[in-house]
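Asks: Dropping a prediction and its sequence here:
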Amino acid sequence: MRSALLNDNAGQRTFAVVLQTGDEAMACLQTFIEKERVSAAQITGIGALSEARLNYFDWDEKQY
């Protein structure tokens, strides 16, 4: 995983985070947010995954 700070404006930061083939996405993102002390985020991604599981939050049930 590589990352670079692209923009820092009034406390809002924009990063590029690049994962390599074989990297586990959630583990890499967890490491990144801990290192950069991210408390809230919006994520946009491009690329491909060899395997994925998608969850969503059900507001009525208050569960994923």
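Replies: Looks like it came in fine.
Asks: Identify the bridge partners of residue 4.
Replies: residue 16 (DSSP bridges).
Asks: tally of neighbours for it?
Replies: Counted by other Cβ atoms under 10 Å, the residues lying close to residue 4 total 9. Every residue, glycine included, has its C-beta placed from N, CA and C.
Asks: That one contacts residue 14, correct?
Replies: No. Look at residue 4 against residue 14 with Cβ atoms under 8 Å: they stay out of range, at 9.8 Å.
Asks: For residue 7, which non-adjacent residue is closest in space?
Replies: Setting aside the residues directly before and after it, residue 7 is nearest to residue 14 in space (Cβ to Cβ, 6 or more residues apart in numbering), at 4.1 Å.
Asks: Same question for residue 6.
Replies: residue 14 (4.5 Å).
Asks: Distance-wise, check the one you found relative to residue 38.
Replies: Distance of residue 14 to residue 38, computed by Cβ to Cβ, to the nearest Å: 12 Å.
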